[in-house]
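# fold the following.
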Amino acid sequence: KVTGIINTISGGGGGGGGRGGGSDIGSIIGGIGSLIGGGGGQYGGGGGNINPNRLNGGMVNILGNLIGEAAHRFLGVDPSTGRIIGAVAGNVIMGLGGKDNSLGNIGKIILDNIISGKFRRDVDPFVRPEPRPDRTGGITPIQPVPSHAPLDFYEERDRCLKEKRLFEDPHFPAQDSSLFYSRSPPKRIDWLRPGEIVRDPQLITEGHSRFDVIQGELGDCWLLAAAANLTLKDELFYRVVPPDQSFTENYAGIFHFQFWQYGKWVDVVVDDRLPTSNGELLYMHSASNNEFWSALLEKAYAKLYGSYEALKGGTTSEALEDMTGGLTEFFDLHQPPRNLMQMMMRGFEMGSLFGCSIEADPYVWEAKLSNGLVKGHAYSITGMRIVNGPYGQVCLMRIRNPWGNEQEWNGPWSDGSKEWRSIPDNVKQDMGLKFDHDGEFWMSFEDFMRNFEKMEICNLGPDVMDEVYQMTGVRAAGMVWATNTHDGAWIRNQTAGGCRNYINTFASNPQYRVQLTDSDPDDDDELCTVIFAVMQKYRRNLKAQGLDNVPIGFAVYDAGNITGRLSKGFFQANKSAMRSAAFINLREMTGRFRVPPGNYVVVPSTFEPNEEAEFMLRIYTNGFIESEEL
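Purely as a prediction, here's the structure:
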């Protein structure tokens, strides 16, 4: 293959050959850039015809490796055709100038598949929603309207490069309104581009990691906990942080990030002007002062929801879902499932993501405990490991505080504790163990259960797994959930019937038939595992307009042979077979159940009648599922 490729190479440009002209290796690889990328006048190059007969087998092998590496270095891709717009080739590979993002192996594979056209992202340009006026003179969250025209990242970048200017986002300007919606900034804030903060800015340095996520002055630890989780899996990270952008090749002060929003992916375009104070980043940042992916991701997420202030307060599950499209479950660790440890182990095998927290102190914001933990603060669970401790086997949890500092657990199995003396060095090395003031620590499963009170698991659906396969060519092993999704709305005096307490109107709520036909393949109790999740849409997006979350929940009924809608009389005579634990003003309410196969009807509702909202119902099961709106 290498010889065949070399046979086709001729001069005339190429993505930045190492020394313009001649038949050096840099020019060869530059020629490959020209061949695939359709020329590279912008990047110089040159190079004459290459005679493959001059290359012995060893040189061909060396070239094969270089060419394989070169394929990972192309940046700037036409999203509609997969064609390379600009190539970074010989100069980067030979170390003769220029820089590139330090992509992980999966990032390189994804970029290759984008270039080759094997993977085409199904993503819509983001447009911020605005609420519509209702008949009473107020506003309604039902079917919000677009507030501006969409921005296309590639078109905007090409325009800026052609006009030799840096992009300035017209929809999320470097102004106070992008920071706060309820007040003015408490101090002077300067919006600076990374090149104005450090000499050598890069998007990703030495590969991304959970240590790239350090909290600033914004109360969005829930977002940071999710972002730290995201870095554990390259295939998820590069879904959110596309690898076709950098501060060197095709740099125009514009970046883009992709988030899941209510069943579809959106591409959020931002400029790279970041809020600073005294020359330092004000909010999320990396431990490396010249790495900016985390700060830019936070800015894109702030744009998604209207402002940085809109990110204050939230749940890790919300951010995990926005970054993966997965479905998140909540667990009260005071009343855990009997098989929680096994469930978590299986979850890690299936690619699930985890977060945890301790109940907040109503009188103290993020109160620090004597054991080093913090109340009301979101943590990431980044790993589990069973080791042979001094008194037998012990299950250890690796947990990270997004503050990224010395505020860590100080009990058994903490950094430098005596328990580690019994663990062989090779095991500690395999665990990636290091003792540092980085916010990450280990603790036993028993101590985890004693000290933490809430846990969230983000389960990845088959659509995510299919996309991972398209991006990487790797099919996920193990069980994959079967899922169905339905969109609906609670509309005043029509379909907003409230909860079952309001029996006269409850039957007017949307109803969905769910047929579960297969039981778990891994057990013999003839029961299905099913997860129901009801998510209300747009509420954080419309937070500045005063549209906070409303209390929502659901009830599920065994419908027997009934195939149509359930009536008021049915609800008066029958109790629910399953239901949400409560009605809470969270974005999403979920419940996991073990039930016999059968015909069920799920009724999502608000707590009070006539509270309007759009919603999404998602159903996950490990068997076969059919569902429809009644």
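
# just give the number of residues close to residue 525.
Burial of residue 525 is recorded as 8 neighbouring residues (other C-beta atoms under 10 Å). Every C-beta, even on glycine, is put in place using the N, C-alpha and C of the backbone.

# which SS state does it fall under?
Here residue 525 is recorded as coil under DSSP: H, G, I helix; E, B strand; the rest coil.

# quick thing: my sequence starts at 42, can you match it?
In the new numbering, first residue 42, that becomes residue 566.

# can you tell me how far it sits from residue 388?
Going from residue 566 to residue 388 by C-beta to C-beta, to the nearest Å gives 21 Å.

# equivalent analysis for residue 297, please.
Relative to residue 388, and taking C-beta to C-beta, residue 297 is found at 30 Å.

# cool, residue 374 as well?
Counting by C-beta to C-beta, the gap from residue 374 to residue 388 is 15 Å.

# for residue 167, same thing?
With C-beta to C-beta as the criterion, residue 167 and residue 388 are 30 Å apart.

# ditto for residue 465
From residue 465 across to residue 388, the span is 27 Å (C-beta to C-beta).

# of those two, who's got more company?
residue 388 (19 against 10).

# residues touching the more buried one, list them.
Counting by C-beta atoms under 8 Å, 6 or more residues apart in numbering, residue 388 touches 395, 498, 500.

# please state the offset of the longest strand anywhere in the chain from the chain centre?
In the chain, taking DSSP state E as the definition, the longest strand is strand 420-430. Relative to its chain's centre, strand 420-430 lies at 22 Å (C-alpha atoms, centre = their mean, to the nearest Å).

# pairing partners for it, with directions?
strand 394-398 (antiparallel), strand 433-441 (antiparallel) (DSSP bridges).

# switch those strands over to JSON lines; also include mean neighbour count.
Listed next are those as JSON lines, based on neighbours: other C-beta atoms under 10 Å:
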{"stretch": "strand 394-398", "mean neighbour count": "26"}
{"stretch": "strand 433-441", "mean neighbour count": "18"}
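
# and the ones you listed, which one averages the lowest pLDDT?
Set side by side, those give their lowest mean pLDDT on strand 394-398, at a mean of 85.

# and the contacts of it?
263, 266-267, 270-271, 273-274, 357-358, 361, 365, 367, 374, 385, 388-389, 417-423, 440, 489, 493-499, 501.

# quick one: the helices in the stretch 392-541 of the chain?
466-471, 486-492, 503-513 (DSSP state H, counting those that start in this stretch).

# list the buried ones in the second one?
Buried positions in helix 486-492, judged by neighbour count with 16 or more other C-beta atoms under 10 Å: 486, 488-490, 492.

# from those, which is closest to residue 401?
Residue 401 has its nearest neighbour among the buried residues of helix 486-492 in residue 492, at 14.5 Å by C-beta to C-beta.

# tell me, how many residues neighbour residue 462?
Neighbour count for residue 462, taken as other C-beta under 10 Å: 7.

# my bad, residue 637
Residues near residue 637, counting by other C-beta under 10 Å: 12.

# measure it to residue 615 for me?
Noted for residue 637: a distance of 16 Å to residue 615, by C-beta to C-beta.

# got any ranges where this protein has weak pLDDT?
Under the criterion pLDDT under 70, the flagged ranges of the chain are 42-162, 175-180, 188, 247-258, 260, 402-407, 443-447, 478, 503-521, 559-565.

# OK, contacts around the residue positioned nearest the centre of it?
When C-alpha atoms, centre = their mean is applied to the chain, the residue found nearest the centroid is residue 364 (2.0 Å). Shown in contact with residue 364 (C-beta under 8 Å, 6+ apart): 267-268, 271, 277, 280-281, 300-301.

# quick check: buried residues in stretch 614-634?
Residues 617-621, 624-625, 627-634 are the ones in stretch 614-634 that count as buried (16+ other C-beta under 10 Å).

# start and end of it, how far apart?
Stretch 614-634 stretches 23 Å from its first residue to its last (C-alpha to C-alpha, to the nearest Å).

# what sits up against that stretch?
By C-beta under 8 Å, 6+ apart, the list of residues contacting stretch 614-634 from outside reads 356, 358-359, 362, 368-371, 540-541, 570-577, 580-581, 589-599, 636, 641, 647-648.
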